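*Asks:* quick one: sequence plus predicted model below, questions after.
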Amino acid sequence: MHHETASEFFTNLYEKGEFVEKISMQFYDEVEQQFLADRYIMGTCPKCGAEDAYGDQCEKCGSSLSAEELINPRSVISGNNPILKETKHWYLPLDKYEDELKKWILEDHKEWKPNVYGQCKSWLDSGLFPRAVTRDLNWGVKVPLEEAKDKVLYVWFDAPIGYISATKELTPNWEKYWKDKDTKLVHFIGKDNIVFHCIIFPSMLRHEGSYILPDNVPANEFLNLEGDKISTSRNWAVWLHEYLEDFPGKQDALRYVLCANAPETKDNDFTWRDFQAKNNNELVAVMGNFVNRTLVLTHKYYGGSVPKPSVETDYEKQIRAELKIIKTNIEKNIENYKFREALKNAMSITRLGNKYLADTEPWKLIKTDEERVKTILYYSLQLCALSAVLTEPFLPFTSDKLLRMLNIDKPSWEDVDNFDLIKSGHTINKAELLFEKIEDDVINVQIEKLTKTKEMNSEQNSQVVPQKNTITYDDFIKQDIRIATIIEAEKVPKTDKLLKIKVDTGIDTRIIVSGIAKYYKPEDIIGKQVCVLVNLAPRQLRGIESNGMVLMAQDSDGSLKFVNPDTFCNNGSIIS
């Protein structure tokens with residue numbers, strides 16, 4: 001499905017004449033008879049002199065490079081010096097689209113988040129250039145042109161089309177999501193994908209002609225945990241299933257804190273102390289306190305029956321006016337993907353309610369003016385019901401619980417404007433704690449869990465396997481270990497651990513089956529130089545004859561890493 005969709009997308013743009021065809025000089029490995037991608041070329045960095053810079057970047061000094069800039073370039077695959085050879089490719093002319101992108105983003109979408117808008121502006125101000133949509137490779141989505149049999153679509157071009165392919169797999173009505181002018185297309189992504197989803201993919205959609213463009217791209221920054229980057233491999237994470245076991249019934253406490261701390265415009269941090277503080281000082285002390293006082297007083301004075309209000313004062317009129325503003329602000333902020341601010345707006349309802357009770361003091365007023373108390377509690381109950389509706393997008397479990405206590409069905413969002421969600425004479429249920437305070441000892445358990453994780457990581461990093469039994473020099477020299485280059489790699493069917501690797505040992509080209517699939521993707525290791533034990537007796541693995549062994553280092557966390565030279569060596573070089 002995806003290959004078909006991507007090919008069709010390319011064809012539509014091609015037939016519209018959108019692509020620019022360019023013949024360029026590209027490095028070509030005469031030994032392997034293939035064009036070389038930038039990462040398959042190494043040489044001396046012209047900026048810092050490092051001898052192992054890649055064709056797109058020097059990893060020592062960080063400079064962005066082009067392969068042509070390298071001094072003494074060489075093929076990572078064969079080790080030979082490549083030649084420059086003509087090749088034809090198709091480009092998306094982003095420079096041609098620059099003015100329309102500036103208008104669409106910088107003028108028509110000034111409401112986009114500042115981190116998104118700023119990154120796009122930086123790219124546009126620097127000037128856009130044509131970007132190749134094809135490349136010389138033998139794997140990937142084939143270019144659907146007779147003259148491009150040995151070329152595939154560049155991954156950056158076909159990858160976003162995968163969204164469309166996935167929708168096609170999901171439903172036969174996929175065009176409703178991608179081509180209907182009444183559909184709002186929103187890209188929720190991380191900050192590292194902003195340019196692709198704001199500039200490149202929209203250009204593809206616009207010039208294909210039948211697709212809608214994204215209305216917004218509300219990219220978030222990164223959320224850390226206790227000041228450190230979240231890492232599942234290091235177990236530095238809060239696992240949801242563990243949270244639900246340790247904090248039963250507190251789903252909304254986590255939802256609240258994650259939304260309140262959402263990294264909407266800059267990186268942010270989740271800490272257990274802050275989680276505790278927000279639960280106790282905001283959910284319990286503000287929302288929970290107001291609801292509890294209102295329901296308890298209603299049962300105490302009126303047996304749980306909603307009283308009939310009497311005279312409405314300026315205070316009640318002010319509450320009505322403020323509620324309209326709060327609702328409008330919630331809607332506005334949600335529509336603009338400012339979820340933190342929208343949550344703060346929603347919580348202001350019960351803050352308003354607490355101030356209302358503190359100012360009017362119905363527990364004192366009941367002795368002298370019961371009619372006034374009826375109005376106060378009637379309005380307080382309405383605020384509870386309004387809070388149940390307006391906090392529901394953020395705190396759905398709490399909303400349901402509050403509605404059960406109020407003994408009413410879920411009102412619609414539009415009903416909020418009427419300010420009479422609970423009728424006089426209606427009987428409410430007994431008050432329950434809407435939220436529970438979280439004590440220090442509970443939080444200390446979570447902090448201790450992370451502390452142990454950090455200690456275990458530290459221990460694992462420092463553990464060293466004891467030395468094996470001593471061997472003689474004669475034992476050692478029996479091993480013939482050579483430098484080799486991986487030239488092909490693929491997964492072995494019906495196994496998650498094995499890769500079938502083709503290596504050039506300098507002596508010959510051979511197949512080796514290696515148990516590294518858990519740690520490396522086939523496409524990521526092509527061109528890597530490795531150490532190979534070449535005189536190991538052949539053996540059958542999953543029906544494949546493996547001739548040799550790729551040497552790997554096992555890290556303290558169990559992961560495998562290649563053992564390779566720090567600078568280029570000719571294939572067949574002996575390790576001794």
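*Replies:* Now that the structure is in, tell me what you want to look at.

*Asks:* count the neighbours of the residue lying closest to Asn220 once chain neighbours are set aside for me.
*Replies:* Leaving aside its sequence neighbours, Asn220 sits nearest to Pro263 (Cβ to Cβ, 6 or more residues apart in numbering; 5.2 Å). Where C-beta positions appear, they are placed from N, C-alpha and C, glycine not excepted. Per other Cβ atoms under 10 Å, the neighbour tally for Pro263 reads 18.

*Asks:* what about this protein, any weak spots by pLDDT?
*Replies:* 62, 64, 458-466, 556-557 (pLDDT under 70).

*Asks:* which stretches in the stretch 151-300 of the chain count as helices?
*Replies:* Secondary structure of the stretch 151-300 of the chain by DSSP state H, counting those that start in this stretch: the helices cover 155-170, 175-178, 194-195, 201-208, 240-246, 251-260, 272-278, 289-302.

*Asks:* give me the secondary structure label for Leu323.
*Replies:* Classification of Leu323 by DSSP: H, G, I helix; E, B strand; the rest coil places it in helix.

*Asks:* OK, contacts around it?
*Replies:* With contact taken as Cβ atoms under 8 Å, 6 or more residues apart in numbering, Leu323 is in contact with 349, 352, 383, 386, 416, 419.

*Asks:* buried set for stretch 326-334?
*Replies:* For stretch 326-334, burial by neighbour count (16 or more other Cβ atoms under 10 Å) applies to 326-327, 329-330, 333-334.

*Asks:* do the same with stretch 535-554
*Replies:* Neighbour-count burial for stretch 535-554 [16+ other Cβ under 10 Å]: 541, 546-550, 552.

*Asks:* which ones among the contacts of Leu323 are found in helices?
*Replies:* If you go by DSSP state H, the contacts of Leu323 have 349, 352, 383, 386 in helices.

*Asks:* quick check, nearest of these to Phe394?
*Replies:* Here the nearest of those to Phe394, counting by Cβ to Cβ, is Ile349; it sits at 12.1 Å.

*Asks:* so the closest one touches Leu383, yeah?
*Replies:* Yes - Ile349 lies in contact with Leu383 (Cβ atoms under 8 Å); the separation is 5.9 Å.

*Asks:* quick revisit: so the residue nearest to Asn220 sits against Ile230, correct?
*Replies:* No - in this structure, Pro263 is not within contact of Ile230 by Cβ under 8 Å, at 11.5 Å.

*Asks:* could you name every residue contacting both of the two?
*Replies:* Taking Cβ under 8 Å, 6+ apart as the contact rule, Pro263 and Ile230 both touch Leu223.

*Asks:* give the contact list for Leu94.
*Replies:* 101, 128-131, 199-200, 203.

*Asks:* again but with Ser210, I slipped
*Replies:* Neighbours of Ser210 in contact, by Cβ under 8 Å, 6+ apart: 12, 179.

*Asks:* picking up where we left off before, want to throw the contacts of Leu94 into TSV with neighbour count and distance to Glu69?
*Replies:* Below are these laid out as TSV (neighbours: other Cβ atoms under 10 Å; distance: Cβ to Cβ, whole Å):
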residue	neighbour count	distance to Glu69
Leu101	20	28
Leu128	19	21
Phe129	10	16
Pro130	16	19
Arg131	17	19
Ile199	22	25
Ile200	21	24
Ser203	23	28
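
*Asks:* same list (those) but as a markdown table, adding distance to Val306.
*Replies:* Shown next, in a markdown table, are these (distance: Cβ to Cβ, whole Å):
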| residue | distance to Val306 |
| --- | --- |
| Leu101 | 57 |
| Leu128 | 63 |
| Phe129 | 67 |
| Pro130 | 69 |
| Arg131 | 64 |
| Ile199 | 56 |
| Ile200 | 57 |
| Ser203 | 58 |
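
*Asks:* nearest to Leu403 among those residues?
*Replies:* Ile199 (44.9 Å).

*Asks:* got the contact list for the closest one?
*Replies:* Contacts for Ile199 (Cβ under 8 Å, 6+ apart) come out as 94, 101, 105, 120, 123-124, 128.

*Asks:* ok, 10 Å please
*Replies:* 94, 97-98, 101, 104-105, 119-120, 123-124, 128, 131, 217 (Cβ atoms under 10 Å, 6 or more residues apart in numbering).

*Asks:* any idea how far Gln479 is from the nearest residue to Ile481 once chain neighbours are set aside?
*Replies:* Closest residue to Ile481 in three dimensions, ignoring its sequence neighbours and counting by Cβ to Cβ, 6+ apart: Ile575, at 4.1 Å. According to Cβ to Cβ, to the nearest Å, Ile575 and Gln479 sit 9 Å apart.
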